[in-house]
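In: fold the stuff below for me.
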Amino acid sequence: MTEGGRRPAWVEIDLEAVRHNAEAMCRIVAPSQLCAVVKADAYGHGAAPVARAALEGGATSLAVAIVDEGVELRQAGVEAPILVLSEPSADAMAEAAARRLTPTLYSEEGIALARAAAGAGERYPVEVKVDTGMHRVGADPDRVVDLVRAVVESDELCLAGLWTHLAVADEPANGFTAEQLERFGAARRAVKDAGLPDPERVHAANSAGAIAWPASRLDVVRCGIALYGYSPSAAVEPVLRDELARVGAGPLRPVLSMKARVAFVRRLGAGERVSYGLQMPLPRPALVATVPLGYADGVPRDYFPAGGEVLVNGRRRRLAGTVTMDQLLVDCGDDEVRPGDEVVLIGRQGAEHLGADEWAARLGTITYEIVTRIGPRVPRLPVGGGPA
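Out: Next up is the predicted model:
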């Protein structure tokens with residue numbers, strides 16, 4: 001695989017890994033169905049090819065954050081059910097209906113917008129979200145019965161789902177997840193006690209819930225970070241290993257590799273300093289390689305002071321100075337590195353591997369942020385079969 005543009009920097013997306021991860025998660029959560037979360041351009045991996053691969057791996061539906069993301073998938077020919085995870089605005093609701101996207105609703109205003117957008121013909125499927133404690137978006141539990149009634153008694157809408165979101169499922173020892181599930185169960189019972197029909201599906205689990213909280217699996221699980229090959233947290237990792245072993249599936253496979261080619265090399269003496277701020281003297285004479293990726297591409301400036309490394313010639317090499325907007329500098333020591341040699345920032349080279357989770361640990365953040373912040377000027381190149 002070589003880069004796809006004039007700039008020698010690219011991201012490889014392993015679609016076979018997506019299929020494998022989807023299949024593994026389907027086996028873990030069975031008989032629940034898998035909804036592949038492909039918001040934020042599939043966590044920076046490329047929405048349309050990832051969506052197709054996830055569906056091929058067993059997912060039965062998709063989820064996005066905003067209507068525009070669903071429209072992009074429809075324009076790419078993706079026909080699977082797509083849930084919009086937040087209530088669309090007035091301007092977006094009509095487009096959601098026209099593109100057969102299922103909106104999430106949690107207010108009277110949202111229901112009115114959906115009814116107006118539905119038009120004549122078959123009832124428009126919508127889902128109602130319950131806020132069970134995360135307090136981001138969703139209906140208060142004591143409002144759920146009224147909202148569900150407004151949906152099912154309208155001539156334009158049908159209740160396709162009822163769902164909630166878990167705030168701390170990535171902390172298996174935190175009992176708040178059990179509280180959230182009990183609140184969600186109480187809301188479901190209240191809907192039933194009011195004589196209202198059951199929704200077509202109920203769901204609560206994100207990747208962490210799907211792995212660590214079997215009671216949260218319900219009809220569907222919404223799988224995000226696990227689809228891309230990473231555990232939701234270090235605390236969930238041993239549970240994930242046990243669950244994969246239980247169903248006879250191999251480890252999840254990271255989907256994304258970030259690579260570039262050396263653009264320039266220079267030999268410098270001990271004590272020389274490089275890049276903005278001239279932060280750190282070279283401890284010995286070294287060959288310093290310039291790599292055409294920078295913070296505009298998703299390599300944080302903090303990666304240098306955090307001890308960030310890349311792979312060159314199958315070896316870990318430290319950054320030599322501050323990450324700049326378009327380039328970074330690597331201390332290659334005594335290695336014979338030449339322009340055109342491959343550099344791996346995330347992924348495998350020889351026996352060495354650098355994961356996005358390792359980046360996250362160094363930078364004090366989460367894997368999700370590392371993969372989603374890779375900029376759009378770095379082309380995504382699907383590998384592993386299937387259409388782009």
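
In: please make it C-alpha for all contacts and neighbour counts, starting now.
Out: OK.

In: now do the helices in the stretch 251-388 of the chain.
Out: Using DSSP state H, counting those that start in this stretch, the helices found in the stretch 251-388 of the chain span residues 356-363, 367-372.

In: elements contacting the helix of greatest length in the chain?
Out: Criterion DSSP state H: the longest helix present in the chain is helix 176-193. With contacts defined as 3 or more CA pairs under 8 Å, 6 or more residues apart in numbering; DSSP states H and E, helix 176-193 has these neighbours: helix 144-152.

In: if we can go back for a sec, redo the helices of the stretch 251-388 of the chain as a markdown table? Include distance to V37.
Out: Converted to a markdown table, the helices of the stretch 251-388 of the chain look like this (distance: least, CA to CA, whole Å):
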| stretch | distance to V37 |
| --- | --- |
| helix 356-363 | 19 |
| helix 367-372 | 12 |
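
In: rebuild those helices as TSV, extending it with mean neighbour count and distance to A187.
Out: Shown next, in TSV, are the helices of the stretch 251-388 of the chain (neighbours: other CA atoms under 10 Å; distance: least, CA to CA, whole Å):
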stretch	mean neighbour count	distance to A187
helix 356-363	19	36
helix 367-372	20	31
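
In: just give the nearest non-adjacent residue to the most far-flung residue of the chain relative to its centre, would you?
Out: In the chain, G269 marks the outermost C-alpha relative to the chain mean, sitting 43.0 Å out by CA atoms, centre = their mean. Nearest non-adjacent residue to G269, counting by CA to CA, 6 or more residues apart in numbering: P285, 4.2 Å away.

In: also D335?
Out: Among residues not flanking D335 along the chain, L287 sits closest, at 7.2 Å (CA to CA, 6+ apart).

In: same check on G133?
Out: Closest residue in space to G133, ignoring its immediate chain neighbours: Q180 at 6.4 Å, by CA to CA, 6+ apart.

In: please look at that neighbour and V168 and confirm they touch.
Out: No - using CA atoms under 8 Å as the test, Q180 is too far from V168 to be in contact (9.7 Å).

In: and the two? Which one has more around it.
Out: The neighbour comparison of Q180 against V168 (other CA atoms under 10 Å) goes to Q180, with 23 against 17.

In: quick one: residues contacting that one.
Out: Going by CA atoms under 8 Å, 6 or more residues apart in numbering, Q180 touches 132-133, 166.

In: what's the closest of the helices of the stretch 251-388 of the chain to V221?
Out: Each of these has some distance to V221 by CA to CA; the shortest is helix 367-372, at 18.1 Å.

In: check which helices and strands that closest one is in contact with.
Out: helix 39-44, helix 356-363.

In: now tabulate these in TSV and tack on distance to I111 and mean pLDDT.
Out: TSV is the format used below for those (distance: least, CA to CA, whole Å; pLDDT from 0 to 100):
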stretch	distance to I111	mean pLDDT
helix 39-44	23	98
helix 356-363	40	97
